[in-house]
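S.K.: The following block contains a protein sequence and its predicted model.
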Amino acid sequence: MQNNNQIIRSLLDTDLYKFTMQQTVYHQFPQARNVKFNFKCRTKGINLQKFISEINNEIDHLCSLRFSEDELTYLGSLRYMKPDYIDFLRLFHFQRQHIKVVAIEGSDEEIDILINGPWLYTILYEVYILSIINEIYFRNTVTDHENNILEARKRLADKINYVKQNTDAEFKFSDFGTRRRYSRDWHNEVVQTLKENLPDNFTGTSNVYFAMRYNLTPIGT
């Protein structure tokens, strides 16, 4: 059963380029097997080991998700998505045996996330996993979430006002924040706020779910 604390609630909640890459693998390299990906936290002193259980619970939920027909219809409406790939996604779901989260031996803080399996079935993991780790970390380490969001809203409003006062419609920008976001809910609020306040400047988002939800252009390679 889904609840409001689950981080990934739609398989569209990822960057567009992951789908275009997976489609390429589907058409060109469907037999590529035994690929490996590893997670590496680049910031020293970040203790993720105490969140292993929570990370695993989120991955369990991720592996239970499927694309809805509405989501597939939206993806299929993009001119570069092929019908046979959309049919494949209708059957797609993550296989839990392809991903493991463990503490790194000899470290009190670091974790290893090992993804190992067929390229076609593992290529999408990247952005979801980064989003999960970020949100779990901030959820557990930010002591004053309410004031943190209030400060973030103030900074966002200041930036919006700066754009309105100092540039014209020739200044364009897009959102590419999925893998680095503070939380899913904050990401949603930022995208919605930018669309409402800077319609001539905000060109779209790499996040396919929010592009569909807010009728924005999905941006990516």
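M.R.: Now that the structure is in, tell me what you want to look at.

S.K.: How about the contacts made by Leu156?
M.R.: Listed by C-beta atoms under 8 Å, 6 or more residues apart in numbering, the contact partners of Leu156 are Val190, Thr193. (Each C-beta comes from the backbone N, C-alpha and C, glycine too.)

S.K.: What helix or strand is it located in?
M.R.: Element membership for Leu156 (DSSP states H and E) is helix 145-166.

S.K.: so for that helix, what's the average pLDDT?
M.R.: For helix 145-166, mean pLDDT rounds to 95.

S.K.: From the rest of the structure, what touches the helix or strand just after it?
M.R.: Downstream of helix 145-166, the first helix or strand assigned by DSSP H and E is strand 173-175. The list of residues contacting strand 173-175 from outside it, by C-beta under 8 Å, 6+ apart, reads Val190, Val191, Leu194, Asn201, Phe202, Thr203, Gly204, Thr205, Ser206, Asn207, Phe210, Ile219.

S.K.: All the helices of the protein, residue numbers only.
M.R.: Using DSSP state H, the helices of the chain run over 16-28, 52-62, 69-77, 83-91, 119-122, 125-141, 145-166, 184-197, 208-213.

S.K.: tell me what the first one is packed against?
M.R.: What it means is helix 16-28. Under the contact definition 3 or more C-beta pairs under 8 Å, 6 or more residues apart in numbering; DSSP states H and E, helix 16-28 sits against helix 83-91, helix 119-122, helix 208-213.

S.K.: Tell me how many other residues surround the closest residue to Tyr121 other than its chain neighbours.
M.R.: The shortest distance from Tyr121 to any residue other than its chain neighbours is 6.0 Å, reached at Gln95 (C-beta to C-beta, 6 or more residues apart in numbering). A count of neighbours around Gln95, defined by other C-beta atoms under 10 Å, yields 11.

S.K.: on that earlier part again, as CSV, the helices and strands packed on helix 16-28 with mean pLDDT would be great.
M.R.: CSV is the format used below for these (pLDDT from 0 to 100):
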stretch, mean pLDDT
helix 83-91, 98
helix 119-122, 98
helix 208-213, 98
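
S.K.: if we compare those helices, which one ends up closest to Ala157?
M.R.: Proximity to Ala157 (C-beta to C-beta) singles out helix 208-213 among the helices and strands packed on helix 16-28, at 19.6 Å.

S.K.: How far away from the center of its chain is the closest one?
M.R.: On the basis of C-alpha atoms, centre = their mean, to the nearest Å, helix 208-213 sits 11 Å off its chain's mean C-alpha point.

S.K.: cool, stretch 154-170 as well?
M.R.: Here stretch 154-170 is found 26 Å from its chain centre; the criterion is C-alpha atoms, centre = their mean.

S.K.: quick one: which of the contacts of strand 173-175 is most hemmed in?
M.R.: Asn207 (31 neighbours).
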